[in-house]
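K.L.:
below: sequence and its predicted model.
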Amino acid sequence: MKLINTMENAVAAQLLDIKSRFPGACFCEYCQQDIMALALNSLPPRYVVTEEGGVYARTAQLRQQYRTDITVALIRAIKKVQLHPRHNQDEQGT
């Protein structure tokens, strides 16, 4: 069995969904990882070990408040990373 934080998958999926709302933002590997880390640090973890726990976690992800919390955390993280990116200009990508 493997311990999994299902919040990581939820945040990654939501980031893919909202990237298009920020056309001028950088989403290179550095920036995406920083965005994910900031967002995850502001959200409660959702750990599961069993398949049943995974099903429960996926069901919880469908709730509107859950998705809203993730979106808010991601938007804050995107804004913060865009103000202070850790990459050089020549490393920037999308």
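P.N.:
On my side now, so go ahead. Just so it is clear, the structure is predicted and the values come from calculations on it, not from any experiment. Numbers count the residues shown, from 1 in each chain.

K.L.:
how about the strands of this protein, start to end?
P.N.:
Secondary structure of the chain (DSSP state E): strands located at 4-5, 47-48.

K.L.:
residue closest to the middle of the chain?
P.N.:
The residue lying closest to the centre of the chain (CA atoms, centre = their mean) is V11, at 3.0 Å.

K.L.:
of the strands of the chain, which is nearest R86?
P.N.:
When the strands of the chain are compared by CB to CB, strand 4-5 sits nearest R86, at 23.1 Å. Just so you know, the C-beta spots here come from the backbone N, C-alpha and C atoms, and that holds for glycine as well.

K.L.:
quick one: average confidence on that closest one?
P.N.:
Model confidence over strand 4-5, given as mean pLDDT, is 84.

K.L.:
now do that strand: distance to the chain's middle.
P.N.:
Centroid separation for strand 4-5 versus its chain: 14 Å, with CA atoms, centre = their mean, to the nearest Å.

K.L.:
who does it touch, helix- and strand-wise?
P.N.:
If you count contacts as 3 or more CB pairs under 8 Å, 6 or more residues apart in numbering; DSSP states H and E, strand 4-5 packs onto strand 47-48.

K.L.:
parallel or antiparallel, list what pairs with the strand it packs on.
P.N.:
Sheet pairing of strand 47-48 (DSSP bridges) gives strand 4-5 (antiparallel).

K.L.:
ok, residues contacting the strand it pairs with?
P.N.:
Contacting residues not belonging to strand 4-5 are listed as 40, 45-49, 54 [CB atoms under 8 Å, 6 or more residues apart in numbering].

K.L.:
make TSV out of those and add pLDDT, neighbour count and distance to P23.
P.N.:
Shown next, in TSV, are the contacts of strand 4-5 (pLDDT from 0 to 100; neighbours: other CB atoms under 10 Å; distance: CB to CB, whole Å):
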residue	pLDDT	neighbour count	distance to P23
L40	97	20	24
P45	91	10	31
R46	84	19	30
Y47	84	11	35
V48	79	18	35
V49	79	11	40
G54	63	15	34
